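# The sequence and its predicted three-dimensional model are supplied below.
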Amino acid sequence: MEYLLALVALGVAGWLWHTGLEARELATQLAREHCAGVDLQFLDGTVAYAGSGLERRYGKVQLRRQYRFEFADRDGQRHVGKVVLIGLQLEELRLDTGPIPR
């Protein structure tokens with residue numbers, strides 16, 4: 001019985017890891033495309049994980065993941081953006097127009 005529980009736990013961990021990679025790739029792609037569409041420079045080539053949680057949508061519990069990224073405006077000023085995914089669906093993509101706090 002313990003063996004079976006360990007296998008289930010390992011399977012769930014593997015599934016979370018795999019969907020996490022998919023979500024991060026999707027968030028990176030969405031941020032890159034959005035920055036290109038509004039003539040901003042997407043910096044560092046990727047997004048950074050900023051947290052997750054569970055959210056109930058349409059009667060189902062889904063994983064809500066947040067990512068942050070940095071971009072530069074035409075003057076070269078660095079700014080922060082945010083991508084929020086629920087499952088593998090875009091919930092929010094926001095660009096902060098203020099400078100990065102130091």
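That came in fine, so what should we check first?
# burial count for the residue nearest to S52 when sequence neighbours are not counted?
Spatial nearest neighbour of S52, chain neighbours left out: R65 (4.6 Å); criterion: C-beta to C-beta, 6 or more residues apart in numbering. Heads up, the C-betas are built off the backbone N, CA and C, glycines and all. Using other C-beta atoms under 10 Å, R65 has 24 neighbouring residues.
# how close does R65 sit to L4?
Going from R65 to L4 by C-beta to C-beta, to the nearest Å gives 29 Å.
# Helices of the protein, start to end?
Using DSSP state H, the helices found in the chain span residues 2-37.
# Can you list the low-confidence ranges for it?
Along the chain, segments meeting pLDDT under 70 span 98-102.
# Scan it for its longest strand.
In terms of residue count, the longest strand belonging to the chain (DSSP state E) is strand 60-72.
# Could you please name the strands that strand pairs with and the direction of each pair?
Strands adjacent to strand 60-72 in the sheet, as given by DSSP bridges, are strand 41-42 (antiparallel), strand 48-57 (antiparallel), strand 78-86 (antiparallel).
# Could you save those as a markdown table and add columns showing distance to A9 and mean neighbour count?
A markdown table is the format used below for the strands paired with strand 60-72 (distance: least, C-beta to C-beta, whole Å; neighbours: other C-beta atoms under 10 Å):
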| stretch | distance to A9 | mean neighbour count |
| --- | --- | --- |
| strand 41-42 | 37 | 16 |
| strand 48-57 | 18 | 12 |
| strand 78-86 | 24 | 19 |
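# quick one: which of the ones you listed is nearest L21?
When these are compared by C-beta to C-beta, strand 48-57 sits nearest L21, at 11.1 Å.
# quick one: buried residues of the longest strand of the chain?
Q62, L63, R65, Q66, Y67, R68, F69, E70, F71 (16 or more other C-beta atoms under 10 Å).
# Okay, and the beta partners of the residue nearest to S52?
With DSSP bridges as the criterion, R65 is bridged to S52, L85.
# Tell me which of the strands paired with strand 60-72 sits nearest to A13.
Proximity to A13, assessed across the strands paired with strand 60-72 by C-beta to C-beta, is greatest for strand 48-57 (14.3 Å).
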